[in-house]
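J.: give me a 3D structure for the following:
(one chain, ligands or ions: 1)
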Amino acid sequence: MGPFYVENAPMLGAGANIAREVDGAPLLLSGRVLDTAGSPVPNALLDVWQASSLGLYDVQDSSQPEFNLRGKFVTDSEGRYAFRTARPKSYPVPTDGPAGELLRASGRHPYRPAHVHSIASAEGFNKLVMHIFDSEDEYLESDAVFAVKSSLIRDFNRLDTHDADHNATLPLPYYTSEFDFVLTRPGEMA
Ligand SMILES: [Fe+2]
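T.: Here you go, the predicted structure:
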């Protein structure tokens with residue numbers, strides 16, 4: 001989950017925005033929570049968090065309101081979720097402690113590719129903790145904490161006109177991306 005997870009982020013309605021304008025270009029993330037047979041998981045809880053355009057989480061940056069860029073969403077009867085945020089940016093991990101010494105000693109840069117953190121959970125399923133990474137990020141091959149897997153990388157598609165499928169009030173341009181979370185039951189292989 002990393003050092004910047006915070007419990008008790010607010011529960012929000014489908015499509016709610018967790019970002020401020022200064023946090024970056026609008027991004028609409030949507031998809032479904034499914035079981036391994038591909039059936040939807042209704043009432044699954046999605047807990048998401050990410051850094052601002054400055055590369056800082058709210059807990060590192062006193063200029064951000066509490067719970068900025070954090071929220072919890074519940075899937076509908078078809079397992080669907082949707083929320084609005086800002087397109088994440090790459091950021092350096094703090095380098096003023098032992099992690100910085102280790103990175104310098106091993107000749108590695110401190111950057112993490114742009115990502116949204118998530119925990120998907122539902123009754124009767126194993127909790128799934130992961131990131132969604134931006135396919136255009138320059139650090140995908142060299143993440144400072146080695147968390148990138150190809151299955152976690154998605155295109156963030158830029159839209160310059162309002163798409164009939166999406167909220168016409170979103171400021172242009174905005175980005176959309178889709179991610180389906182697949183949950184396993186205890187004893188089941190991923
Ligand atoms: Fe992060």
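J.: state which strand of the protein is the longest.
T.: strand 26-35 (DSSP state E).
J.: now do that strand: which elements does it pack against?
T.: Packing partners of strand 26-35 (3 or more Cβ pairs under 8 Å, 6 or more residues apart in numbering; DSSP states H and E): strand 80-86, strand 174-178, strand 181-183. Where you see a C-beta, it was placed from the backbone N, CA and C, and this is true even at glycine.
J.: now distance to Gln50, mean pLDDT and mean neighbour count too, for those strands, in TSV please.
T.: As requested, the helices and strands packed on strand 26-35 are arranged in TSV below (distance: least, Cβ to Cβ, whole Å; pLDDT from 0 to 100; neighbours: other Cβ atoms under 10 Å):
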stretch	distance to Gln50	mean pLDDT	mean neighbour count
strand 80-86	7	96	21
strand 174-178	13	94	19
strand 181-183	16	98	20
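J.: want to throw those into TSV with distance to Leu56?
T.: Output for those, formatted as TSV (distance: least, Cβ to Cβ, whole Å):
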stretch	distance to Leu56
strand 80-86	13
strand 174-178	21
strand 181-183	26
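J.: to Val116, which of those strands lies closest?
T.: Between Val116 and these, the tightest spacing by Cβ to Cβ is seen for strand 80-86, at 6.8 Å.
J.: now do that closest one and strand 174-178, the angle between them.
T.: 150 degrees (axes from the mean of the first three to the mean of the last three Cα atoms, to 10 degrees).
J.: after strand 80-86, next one along is what?
T.: Moving toward the C-terminus from strand 80-86, the next helix or strand (DSSP states H and E) is strand 91-92.
J.: strands of the chain, residue ranges please.
T.: Going by DSSP E, the chain shows strands at 26-35, 45-49, 70-74, 80-86, 91-92, 111-112, 115-121, 128-134, 153-154, 157-159, 174-178, 181-183.
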